[in-house]
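A.B. asks: The following comprises the amino acid sequence and a computationally predicted model.
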Amino acid sequence: MKATTIVQPDELALLDVDVPAFGPDEILIRSRAVGICHSDFDLLAGKYIIPIGFPIVPGHEWAGEVAEVGANVTGWSVGDRVVGECVIGADHFGFSISGAAAEFFVVRPEWLHRIPDELTFAQAALVEPFSCAYYAARRAGDVDGSDTAVVFGAGPIGLSAVAALRALGATVIIADPQPERRALARRLGADEEADPTDADFEDRIAALTDGAGPSVILEASGRPSAMASALRIAGFEARLVNIGINVGGTAPAELGLIQAKALQIRGSIGSPGVWPQTLKFLARNKIDLTPMITATFPLDDALSAYGAARDTATNVKVHISNGDGA
């Protein structure tokens, strides 16, 4: 079979390898759609938040179908359409455990969730990034139609946050410097837009919120300047959730505003315990995230897919397909 493989740091190859063996308590999955994430490039560079070894097959945003089941496995059958969680105890699927960017890969049944009939494989491969945004939106607490929310950053997580907040009923403002990304956010449910690099950005947010400021802010850009700006634009008793990743970055911030505005600030990591709710939420609200998929490559051309994914000026989410995507 073909397997996209990080042979060693900074060496990515598409290799011909044997179909992996699987044990009696494991399941062999045929990949159908696999998303490429920024963290895959961290892995390629040899850097990750937990210990990793090489060679390793990347791919933690995936959808597939059951190809074979181990002798002891119950509740799953050949042909079942599935997605799987990527944080498994101390291990991370697609990082410390070889992932889905291959024709076949091995999982344990407790990682899996059935794909609702309403979702295609391509849509289901976006569940992992959406689950992170959905979890962050839930951490904001009781979001509904009375809220006006600002989302900083129109990458895959920020765009997913726009869709989640809109489905929860909030009025959503996207804050991103790229007009094309703001336009995409509009397609996914943003009501208004603003460029956070404009000199009048804070005045625009004030005008869009009738001077009250947003009641919810999701910071998905990971930019320290946006984190500092969030304090200034926030309304009284606003709920702020930081989901953008930045390790070691700094920016001047008016920390006294946390007290003066009685702000509630939380960090959000991953999507622990919410995958079943995420899948139901996507299906019930008929949320279509596929406008985020700006390029799709067959597995045979996986190396080109990784090259395209590096071009963030052109692409938002790049998928590798192993089948028709239905």
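C.D. replies: Good, I have the coordinates.
A.B. asks: how about the helices of the protein, start to end?
C.D. replies: With DSSP state H, the ranges of helices along the chain come out as 38-44, 121-124, 127-140, 156-167, 179-187, 201-208, 224-233, 256-260, 275-284, 302-310.
A.B. asks: what helices or strands is the lowest-mean-pLDDT helix or strand in the chain leaning on?
C.D. replies: When each helix and strand of the chain is scored by mean pLDDT, DSSP states H and E, strand 87-88 comes last, with a mean of 89. Helices and strands touching strand 87-88, as assessed by 3 or more CB pairs under 8 Å, 6 or more residues apart in numbering; DSSP states H and E, are absent. C-beta: built from backbone N, CA, C; applies to glycine.
A.B. asks: That strand: partners in the sheet, and parallel or antiparallel?
C.D. replies: Using DSSP bridges, the strands paired with strand 87-88 are strand 91-92 (antiparallel).
A.B. asks: Please compute how far the strand it pairs with lies from its chain's middle.
C.D. replies: How far strand 91-92 lies from its chain's middle: 17 Å, per CA atoms, centre = their mean, to the nearest Å.
A.B. asks: Please apply the same query to stretch 131-140.
C.D. replies: Offset of stretch 131-140 from its chain centre (CA atoms, centre = their mean): 11 Å.
A.B. asks: quick one: contacts of it?
C.D. replies: Surrounding stretch 131-140, the residues in contact under the criterion CB atoms under 8 Å, 6 or more residues apart in numbering are 143, 149, 157-158, 160-161, 163-165, 168, 216, 218, 220, 239, 241, 243, 266, 268, 270-272, 274-275, 277-278, 281.
A.B. asks: make it 7 Å
C.D. replies: For stretch 131-140, contacts defined as CB atoms under 7 Å, 6 or more residues apart in numbering pick out 143, 157, 160-161, 164-165, 168, 216, 218, 239, 241, 243, 266, 268, 270-271, 274-275, 278, 281.
A.B. asks: List the beta-bridge partners for residue 264.
C.D. replies: Counting by DSSP bridges, the residues bridging with residue 264 are residue 239.
A.B. asks: Got the domain ranges for the chain?
C.D. replies: The chain breaks down by automatic domain parsing into domains covering 2-126+289-321, 130-267.
A.B. asks: what would these look like in JSON lines with mean neighbour count?
C.D. replies: What follows is the domains of the chain, written out as JSON lines (neighbours: other CB atoms under 10 Å):
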{"stretch": "domain 2-126+289-321", "mean neighbour count": "18"}
{"stretch": "domain 130-267", "mean neighbour count": "20"}
